[in-house]
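S.K.: sequence? don't have it. structure:
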């Protein structure tokens, strides 16, 4: 991936980084309207095979499945962000994800790692996510009452779909 070649690129990269962090924060704090505002109108997503064809479907799913009683932590780091040299209003990014999910009601816990691959588009309201998704590097899940029964899944496998 090419290094940024101007201060405009650096400002855009900083704005995209803030966008990704806002996406994660709003997901974990269940701020669904702010989460929805992270996406372009034509946004899509693919979380290791859990596919969404539009942002409304994605936000509705997260609201229904990641709401009250679902404790989450999503951390993305090691960003690799590139502004498209042919179109300065388009960019791509790759992030390393570390996530945890705890659902006390079902005595369920999950922890994993993945690589996000994103596309971004500049809109009248600033940068927005046009596509997001990840592929797992690993995922561990266990019953909170039986941590010794932990199950480990390798790349490409998941238990959340």
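M.R.: Perfect, thanks for sending it. Computed from a predicted structure; not experimentally measured. Numbering: from 1, shown residues only.

S.K.: helices or strands up against the worst-scoring helix or strand of the chain on mean pLDDT?
M.R.: In the chain, the helix or strand scored least confidently by mean pLDDT, DSSP states H and E is strand 146-153, which has a mean of 90. Contact partners of strand 146-153 among helices and strands, from 3 or more Cβ pairs under 8 Å, 6 or more residues apart in numbering; DSSP states H and E: strand 126-143. Quick note: C-beta positions are derived from backbone N, CA and C, even for glycine.

S.K.: Against residue 103, how distant is residue 70?
M.R.: 5 Å (Cβ to Cβ, to the nearest Å).

S.K.: In the top helix by length along the chain, which residues are buried?
M.R.: Longest helix in the chain by number of residues (criterion: DSSP state H): helix 7-29. For helix 7-29, a neighbour-count test (16 or more other Cβ atoms under 10 Å) marks 9, 12-13, 16-17, 19-20, 22-24, 26-28 as buried.

S.K.: and for the next helix or strand after it, what are the contacting residues?
M.R.: Downstream of helix 7-29, the first helix or strand assigned by DSSP states H and E is helix 32-36. Here helix 32-36 makes contact (Cβ atoms under 8 Å, 6 or more residues apart in numbering) with 22-23, 26-27, 55-56, 59, 62-63.

S.K.: Output those residues as CSV; include the columns pLDDT and distance to residue 135.
M.R.: Shown next, in CSV, are the contacts of helix 32-36 (pLDDT from 0 to 100; distance: Cβ to Cβ, whole Å):
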residue, pLDDT, distance to residue 135
22, 98, 23
23, 98, 18
26, 98, 23
27, 98, 18
55, 98, 21
56, 98, 24
59, 98, 22
62, 97, 19
63, 97, 24
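
S.K.: If anything else comes up later, I'll come back, but that's it for now.
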